[in-house]
Each structure stands twice: as C-alpha cells, then as structure tokens.
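**Q** Okay, structure incoming, though there's no sequence with it:
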C-alpha cells in the first residue's frame, strides 16, 4: 500500500527503529481495516 509505505519511510527517515516503524504501520492498517468493517465498505486504493 503506497500510503502505508510513505508512512514507514517517513518514520524511518525521522530516525525511528525499523521495528517501531513497522509496528506503527501495522497499527494504522488495523485501524483502517476496523473502519472498513464498521462502515461496511471495501478497500479503496490510493
């Protein structure tokens, strides 16, 4: 996902460890998926 990739790259460029950046991206993806279930909508690619 390009949005998640940009977030990961931004966090890494800011000096965050890879594991922390990856965990933040997983959490964001989980939040997106929960909202999709709540609203009963499909995946919208950017």
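**A** Sure thing, it's come through. This structure is a prediction, so every number in the text was calculated from the model and none was measured.
**Q** Quick one: residues contacting the spatially closest residue to residue 29 that is not a sequence neighbour.
**A** Distances taken as C-beta to C-beta, 6 or more residues apart in numbering place residue 4 nearest to residue 29, at 6.0 Å, with adjacent residues excluded. Every residue, glycine included, has its C-beta placed from N, CA and C. Applying C-beta atoms under 8 Å, 6 or more residues apart in numbering, we find residue 4 in contact with 25, 28, 29.
**Q** Residue 4 and residue 34, how far apart?
**A** Distance of residue 4 to residue 34, given as C-beta to C-beta, to the nearest Å: 15 Å.
**Q** ditto for residue 22
**A** 19 Å.
**Q** Identify, by residue count, the longest helix of the chain.
**A** Taking DSSP state H as the criterion, the chain has its longest helix at helix 18-39.
**Q** elements contacting that one?
**A** helix 2-13 (3 or more C-beta pairs under 8 Å, 6 or more residues apart in numbering; DSSP states H and E).
**Q** buried ones in the helix it packs on?
**A** The neighbour-count check on helix 2-13 (16 or more other C-beta atoms under 10 Å) flags 4, 7, 8, 11 as buried.
**Q** One more: stretch 24-37?
**A** residue 25.
**Q** Residue 21: neighbour count?
**A** 19 (other C-beta atoms under 10 Å).
**Q** does it really touch residue 8, like I thought?
**A** Yes: counting by C-beta atoms under 8 Å, residue 8 is a contact partner of residue 21 at 5.2 Å.
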